[in-house]
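[1] Turn this into a model:
(2 chains)
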Number of protein chains: 2
Amino acid sequence: MSLDHAARKPQDRLSALLAEEMERVNDLIRERMASRHAPRIPEVTAHLVEAGGKRLRPMLTLAAARLFGYQGSHHIRLAATVEFIHTATLLHDDVVDESRQRRGRPTANLLWDNKSSVLVGDYLFARAFQLMVETESLRVLDILSDAAATIAEGEVLQLQAAQNLATTEEIYLQVVRGKTAALFAAATESGAVIAGADAAAQRAMSEYGDALGIAFQIADDLLDWQGDAGATGKNVGDDFRERKLTMPLIKAVAAADADERAFWVRTIERGDQRDGDLETARRLLERHDALAATRAEAMGWADRARASLALLPDHELRHVLDALAHYVVMRIS
Amino acid sequence: MSLDHAARKPQDRLSALLAEEMERVNDLIRERMASRHAPRIPEVTAHLVEAGGKRLRPMLTLAAARLFGYQGSHHIRLAATVEFIHTATLLHDDVVDESRQRRGRPTANLLWDNKSSVLVGDYLFARAFQLMVETESLRVLDILSDAAATIAEGEVLQLQAAQNLATTEEIYLQVVRGKTAALFAAATESGAVIAGADAAAQRAMSEYGDALGIAFQIADDLLDWQGDAGATGKNVGDDFRERKLTMPLIKAVAAADADERAFWVRTIERGDQRDGDLETARRLLERHDALAATRAEAMGWADRARASLALLPDHELRHVLDALAHYVVMRIS
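    Presented below is the predicted three-dimensional model:
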């Protein structure tokens, strides 16, 4: 590994190493998002798929398959499957959250309507299942359909947890698994499975994806409180304004005295937010070291992700995955 | 077959013949719609699943499997899969159509919110895929994931076709396949496949489900124009008011002279509907024999459904399926 390589962002190194295969994934995505009858479908999908997402999830699948020396072409289908599930989830998320912007562009629900977002999301889910069936691997189908259930369950859980001060860190972790980690884990594990990796290696790749996703999401939730809008594309304090219970807030609520609790009941449960409340909220988080403790948890999950790589083949991609786990928490350290 | 039997509705005869297996399907549905973490999920699902739907689709799967002497238990999983896909579709449909009532009860989107309907629908889709993976039949997975894609594509197509006078009967047929026939066909074909029926018999069962679903949907769309609200649960003229292009209207538009066309442009494309317009619309449909021609098409599809049964084993269930195809068009004859 050259110094030049070491200085580049790990996702850019992944992109470079997997460029030729990602081209095939993108071709397959374009081919399968088409619809002979309903031109609205590729319109909506293209808006999202071409919007310049990082394509991190399909790259994880390709990397996992390559790491175990896979020579076939099913990993291309799996990578497209993972991206379709992700895109479908984003379409439905934006309807549920009534979002108006994603990746700096107006959302599909704003450009077309909620109906199109719901139905095109359903179409992409179905196309994802068709693609994964083509791999003819029941184990892979198991992994990906379980992930789809965890994702949907996590989203419902998040809906219930919103504005609810009784939300525990355990529930938060379930939400995070649904939101991010389940698909990361399915992406890496299914890549290993299709490549014929042994059971221990499959498990290691699943643990890597899970821990990477959790570290990534906790870091994202931390940045919402501590700033760096450039890194997340969100404004600082969005979660407070939307009354979302993420790890920093959950920790502060758990440590709150009676006065503080009254403040959280008013601002989060009742949604009565006034000028200066965000500043007060941040001060309370600082007082209970909630930001530092959250940062430590994110670091811990990143360490777990890196540790799970220990037994894997010594391969350039393993080093890049290791660097990636380091990178997702670098922006909060 | 006794006279008593012959006098009963075919779906009641199906219920009686398949009672014990439907009990197992219902148990499985209740078990799989649970969620350890998110109690909102079984609440929303139970509202719909327990609402007393006819459960026609899962009965078709069970009947197809039994017709070919199936002795295993995968048909129970398939039947539950089919009902989950159907329920998920209803949840999303009610969001897209902004419906307030289904089967005489308030819809889930009204009782909870659109968010819950979207996400619980996604959860049921995922649970359906988990269930079908458990059958370990790649052919069945193929059939059901193709059906899911046709369903979603048909819904998007319906969205595009609404208020669009250029909608052809060919597009209408695609919409109908997505709305009804694709899942009927997947239900009957997958039952035959799991039972190990030969290729010709599988094809016959697929054709039966497809033709039955199309006959059923055309009849439903005809009733919306010619009345009998009791049979459909809809009010006469709903499709006109919602500016939906179904077969009777498509036929009348195709035969319209210049004045009539101006009427359709005003009422359907522009949505400018006034007192007496529904009566005028019905008169125009009568003038061009659109209702009679639609009735003939529904009858034709019912005949095709019955014809496709010709080569199947001589079995009581075959006779009930034959009676069912007759029954779906009896209400319009």
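[2] all contacts plus neighbour counts: C-alpha atoms, from now on.
    Will do.
[3] Without its sequence neighbours, what residue ends up closest to residue A:328?
    Using CA to CA, 6 or more residues apart in numbering or on different chains and skipping the chain neighbours, the partner closest in space to residue A:328 is residue A:216 (5.5 Å).
[4] which residues of chain A score low on pLDDT?
    Within chain A, the segments meeting pLDDT under 70 span A:1-7, A:51-52, A:103, A:110-111, A:228-234.
[5] Enumerate the residues of it near chain B.
    Contacts of chain A with chain B, taken as CA under 8 Å from any CA of the partner chain, map to A:35, A:37-38, A:40-41, A:92, A:95-96, A:114-116, A:118-120, A:122-124, A:126-127, A:129-130, A:133, A:136, A:138, A:141-142, A:145-146, A:148-149, A:152-157, A:159-160, A:171.
[6] Show me these that map onto helices.
    Mapping the residues of chain A next to chain B onto helices (DSSP state H) picks out A:40-41, A:92, A:95-96, A:114-116, A:118-120, A:122-124, A:126-127, A:129-130, A:133, A:138, A:141-142, A:145-146, A:148-149, A:152-157, A:159-160, A:171.
[7] Of those residues, keep whichever come out buried.
    Buried by 16 or more other CA atoms under 10 Å in any protein chain shown: A:40-41, A:92, A:95-96, A:114-116, A:118-120, A:122-124, A:126-127, A:129-130, A:133, A:138, A:141-142, A:145-146, A:148-149, A:152-157, A:159, A:171, out of those.
[8] which one's the longest helix in chain A?
    helix A:199-226.
[9] Might you report the residue contacts of residue A:293?
    Residues near residue A:293 by CA atoms under 8 Å, 6 or more residues apart in numbering or on different chains: residue A:248.
[10] secondary structure element for it?
    helix A:290-308 (DSSP states H and E).
[11] Only C-alpha atoms, please: export that helix in CSV.
    Provided in CSV are the C-alpha atoms of helix A:290-308 (Å, rounded to 0.1, in the frame of the first residue of the first chain):
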residue,chain,number,x,y,z
ALA,A,290,-23.6,12.5,27.0
LEU,A,291,-21.7,13.5,23.9
ALA,A,292,-18.4,12.0,25.2
ALA,A,293,-20.1,8.8,26.2
THR,A,294,-21.8,8.5,22.8
ARG,A,295,-18.5,9.1,21.1
ALA,A,296,-16.9,6.3,23.2
GLU,A,297,-19.7,3.9,22.2
ALA,A,298,-19.2,4.7,18.5
MET,A,299,-15.5,4.1,18.9
GLY,A,300,-16.2,0.8,20.6
TRP,A,301,-18.4,-0.4,17.7
ALA,A,302,-15.7,0.7,15.2
ASP,A,303,-13.1,-1.3,17.2
ARG,A,304,-15.4,-4.4,17.1
ALA,A,305,-15.8,-4.0,13.4
ARG,A,306,-12.0,-4.0,13.0
ALA,A,307,-11.5,-6.9,15.4
SER,A,308,-13.9,-9.0,13.4
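[12] May I see the buried residues of that helix?
    Buried, per 16+ other CA under 10 Å, within helix A:290-308: A:290-292, A:294-306, A:308.
[13] Checking residue A:256 next. Helix, strand or coil?
    coil (DSSP: H, G, I helix; E, B strand; the rest coil).
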